[in-house]
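Chemist: Quick check, what structure comes out for this input:
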Amino acid sequence: MSEIRKQTEDGQQGTDNKLFRHIKAFFSGTVGVLKKNLRWKFLSLLVAVLVWVTIMNIDDPYITVTVPDVPVTSLNESVLQEQGKISDIESGRTVTLKVHAPSSIAEKLTARDFDAVADYRQMSLVYAVPIQVSVRRESPYNKEDIDITIESKDPEVMTLTLEDYTSETFRVDIQTVGEAAEGYYVSNMVVKPNLVQISGSEKQIDRIERVAVEVGTGQVKKSFERQAVLRAYDKNGYEIDASTIEFDTKEANVEVTVLPVKKILLLITTEGEPAYGYECTGIQHVPTEIMIAGKAEDLEEIYSMTIPFDISMQSKDYGAKLNIETYLNENYGGKYVLVDDEKYVTVTAYIEKLPTRDFKVSRDDISVVGLQEGYDLVYTTKSGINIKVLGREEELNKLTAQSLKLYIDVTDYGPGTYYVSVCSDTDAFVTVRTGTIGIKIIEAVNTFVVDDKGEEPDGEAVDEKEPEEAGNFEG
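Modeler: Numbering: from 1, shown residues only. Here you go, the predicted structure:
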C-alpha cells in the first residue's frame with residue numbers, strides 16, 4: 001500500500017515540474033519578444049500619441065456637456081398684476097442644460113454663459129410658461145465662429161400658481177448687532193421711513209411677521225447715521241426671499257444716538273401719612289443703584305435720584321413697584337435714559353401700630369386763643385378731660401399735660417354755649433387725638449372806673465353770674 005502511495009506522489013511531483021517548465025518557457029519567450037526592437041516600439045507609441053493630439057487640435061471634435069443651475073428670469077409679470085394677480089413659482093426657478101459644443105469650449109461653459117427667460121405673456125391655461133435659453137451676449141463664447149447648441153433643458157417650462165395681488169403697510173424695526181464700547185450706550189435709534197408698503201401674493205404677505213433693518217453697533221462710541229437694507233421676516237425669524245415680495249423702498253436711513261453712561265444712587269422717600277394710629281418705621285427698596293446715560297455735561301450734574309412713595313392711609317406693611325423709567329422721563333426733561341433692563345424698583349414700607357396713652361388734663365392746662373374783646377369765657381365742663389396721645393414709647397414717656405401745649409381757639413365764636421376742640425401745639429413727635437370741652441362765652445362784666453374828679457360814672461353795675469356747669473366730657 002505504501003509503495004502505491006509513493007508511486008502516486010512521485011507521479012504528481014513529476015507533473016508539477018513539467019507544468020512549471022512550460023510556464024517558465026512561455027514568459028521567457030514573451031520577454032524576449034518584448035525586448036526585441038524595444039527602441040522602435042517606444043518610438044512608434046510616441047508617434048501615435050503625437051498624431052492623436054494633432055488630430056484633436058486640428059479637428060476640435062464636438063462633445064455634449066451638462067450645465068446645471070442656470071437661473072430663469074421672469075419677464076412681463078405686469079401682465080398678471082394688471083389682472084390683480086401675482087404668481088408664485090412652483091418649479092422652474094433654475095434650469096439644467098445639455099449643451100453641444102466644441103470640446104475646447106464645452107468644458108469651460110458655466111451657468112453665467114446662458115440667459116434663461118420665462119415670458120409671462122406666453123403662459124398657458126394651466127399656468128405653464130415656456131423657458132427660452134440662449135447664450136448670453138456678454139459671454140466670451142457668443143461669437144459667430146463658435147457653434148453652441150442647446151440640446152435639451154430640464155425643466156422645459158416654469159410652473160406657476162396664481163394668487164390675488166395685495167399690499168400691506170408694516171412698521172420698520174431696528175435690529176442692532178453688537179454692543180457699544182464699555183462706558184457707552186445706544187440710547188436712541190430713529191429709522192426713516194418708519195413705515196413701508198410691501199406688495200405680493202396674499203400667501204407671501206401673510207407670512208410677514210415683521211420688517212427690520214440691521215445696524216452694526218459693535219464698540220461704537222459716538223452717534224452716527226447710515227443707510228440700511230429693509231428685510232422681511234416670518235414668525236420663526238427666517239428672512240423671506242426678497243424676490244417673492246416687492247418693497248416700495250429698498251433702503252431706510254437710520255440715525256443712532258450713542259451716549260456715555262453713569263451709575264447713580266436710587267433713593268426712596270415716603271409721601272402721605274399712614275392710617276391714624278400707625279407709623280412708618282422703615283423702608284427698603286431694590287435696586288439701590290441704577291445706570292443712566294446722557295450727555296457728558298448733564299451726567300456731571302447728577303449723583304442720585306429720589307422717587308416718592310405714597311403710604312397714605314396704610315395700616316400694614318405696604319409694597320409696590322415704581323417705574324424708574326417713567327419717573328426719569330417725567331422729572332428730568334428727557335436729559336437722561338435708563339440703561340438697565342429692569343425698569344422697576346421694588347419698594348416695601350413697614351407700617352406699625354403706635355402705642356397710646358391717656359392724659360388727664362385740667363382746665364388750667366388749656367390756653368384760650370382768639371377770645372374777642374369785651375367777652376369772658378367760662379368752662380361748662382366740670383372736671384378735666386382725657387386726651388389720647390399716640391407715639392413711640394420713648395416719646396410718650398417724656399410727655400406731661402403741660403408739654404402737650406393744649407389750647408382752644410374761639411376766634412369766630414360769639415356769646416353762647418359751645419363744645420370746642422382742644423388742640424395741641426406740642427413739639428414732641430406724637431399724635432394728639434382731638435378732644436372737646438364745654439365752654440360758655442358771655443359779655444364781660446362792667447367795672448367802675450373813677451374819673452379824674454374822683455366820681456364814678458353813671459350806669460348800672462352788672463352782676464357777674466356763673467353759668468351752669470355742664471357734665472363731665474372726655475375727648
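
Chemist: Buried by neighbour count: which residues of stretch 249-266 qualify?
Modeler: Buried residues in stretch 249-266, counted by 16 or more other C-beta atoms under 10 Å: 252, 254, 256-262, 266. For every residue, glycine as well, the C-beta is placed using N, CA and C.

Chemist: Widest-spaced pair of those residues?
Modeler: Spatial extent of the buried residues of stretch 249-266 (C-beta to C-beta) is set by the pair 252 and 266 at 36.9 Å.

Chemist: what's the next secondary structure element after the helix or strand hosting residue 95?
Modeler: Following DSSP states H and E, one finds residue 95 within strand 94-102. Next helix or strand after strand 94-102 toward the C-terminus (DSSP H and E): helix 103-106.

Chemist: tell me the mean pLDDT over the next helix or strand after that following helix?
Modeler: Under the assignment DSSP H and E, the closest C-terminal helix or strand after helix 103-106 is strand 114-119. Across strand 114-119, the average pLDDT comes to 95.

Chemist: in the stretch 1-150 of the chain, what spans have low per-residue confidence?
Modeler: 1-41, 49, 51-59 (pLDDT under 70).

Chemist: tell me the pLDDT at the residue most central in space within the chain?
Modeler: Nearest to the geometric centre of the chain sits residue 341, at 9.0 Å (C-alpha atoms, centre = their mean). Residue 341 is assigned a predicted lDDT (pLDDT) of 92.

Chemist: Look up phi and psi at it.
Modeler: phi -70, psi -40 (degrees, to the nearest 10).

Chemist: do you know how far it is from residue 287?
Modeler: Going from residue 341 to residue 287 by C-beta to C-beta, to the nearest Å gives 11 Å.

Chemist: picking that back up, Provide the strand pairings for the strand holding residue 95, with the direction of each partner.
Modeler: If you go by DSSP bridges, strand 94-102 pairs up with strand 62-75 (antiparallel), strand 149-154 (antiparallel).

Chemist: Following element in sequence after the first one, please.
Modeler: Pointing back at strand 62-75 there. Strand 62-75 is succeeded, C-terminally, by helix 78-81 (DSSP H and E).

Chemist: ok, residues contacting the helix or strand following that next one?
Modeler: Using DSSP H and E, the helix or strand that directly follows helix 78-81 along the chain is strand 85-91. Under the contact criterion C-beta atoms under 8 Å, 6 or more residues apart in numbering, strand 85-91 has outside partners 74, 77, 80, 120, 127, 155, 158-165, 200-201, 203-204, 244.

Chemist: Give me the subset of these that lies in helices.
Modeler: The helices, defined by DSSP state H, take in 80, 203-204 from the contacts of strand 85-91.

Chemist: What's the ChimeraX syntax to select whichever of these are buried?
Modeler: This is how ChimeraX selects the buried members of the ones in helices among the contacts of strand 85-91, with burial counted by 16+ other C-beta under 10 Å:
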select :80,204
